[in-house]
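*Asks:* Okay, predicted coordinates and the sequence, questions at the end:
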Amino acid sequence: MSNPIISKPSVLVVEDDAFIQSILNEILSENFEVTIFTDGMDGMNYLQSGNIPDIILSDLNIPGLDGMSFLIQVRNSGFFKSIPFIILSGKDDIENRIRCLEAGADDFINKPFNPRELDARLKNILRRMGKNK
């Protein structure tokens with residue numbers, strides 16, 4: 001008898017900093033299928049091509065379509081609005097945090113972040129959605 005293949009939850013990362021991309025890929029790839037783009041427009045095109053990740057993790061300050069605009073487009077879409085969306089930001093600014101949360105972000109994480117905390121936050125969101133053990 002063969003074991004069924006258990007697929008990992010998927011995370012779409014939109015981050016333009018190569019160092020942060022590398023850290024996120026290393027942290028997340030153990031428990032997630034990770035897809036990374038450097039530009040919000042590329043992330044949106046990925047979604048519009050029929051790819052539906054379990055979670056979106058986006059930097060606030062990215063080229064093309066910035067993180068806030070990307071978040072707003074996702075939340076205004078009939079197909080993507082229920083995908084959990086987490087904003088990463090190097091600016092610890094309460095106004096930015098509130099604006100993102102009011103626009104529909106599920107969480108807001110400041111950079112630099114603790115890798116274990118990020119992993120725990122992603123797993124908590126998946127557990128609440130019934131997509132994680």
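*Replies:* Done, it's in. Residues are numbered from 1 along each chain as shown.

*Asks:* Show me what the helix ranked longest in the chain is in contact with.
*Replies:* Under DSSP state H, the helix in the chain containing the largest number of residues is helix 115-129. Here helix 115-129 makes contact (CB atoms under 8 Å, 6 or more residues apart in numbering) with 9, 11, 23, 27-28, 31-32, 54-55, 57, 84, 86, 106-107, 109, 132-133. All C-beta atoms are positioned from the backbone trio N, CA, C, and that covers glycine.

*Asks:* likewise stretch 27-43?
*Replies:* Applying CB under 8 Å, 6+ apart, the contact partners of stretch 27-43 are 7-16, 21, 24-25, 46, 51, 53-56, 58, 62-67, 69-70, 115, 118-119, 122-123.

*Asks:* Put the buried members of the residues you listed into a ChimeraX selection.
*Replies:* In ChimeraX, this line selects whichever of the contacts of stretch 27-43 come out buried by 16 or more other CB atoms under 10 Å:
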select :9,10,11,12,13,14,15,21,24,46,53,54,55,56,58,62,64,65,66,67,70,118,122,123
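
*Asks:* Now, the contacts of stretch 27-43 that are in strands?
*Replies:* When the contacts of stretch 27-43 are checked against strands (DSSP state E), the matches are 10, 11, 12, 13, 14, 55, 56, 58.

*Asks:* From the residues you listed, pick the one nearest residue 90.
*Replies:* Using CB to CB, the shortest approach to residue 90 within the ones in strands among the contacts of stretch 27-43 belongs to residue 58, at 12.9 Å.

*Asks:* now the helices: where do they sit in this structure?
*Replies:* According to DSSP H, the chain carries its helices in the segments 18-28, 40-48, 67-75, 94-102, 115-129.

*Asks:* The first one relative to strand 55-59, how many degrees between them?
*Replies:* Just to be clear, that refers to helix 18-28. Here helix 18-28 runs at an angle of 160 degrees relative to strand 55-59 (axes from the mean of the first three to the mean of the last three CA atoms, to 10 degrees).
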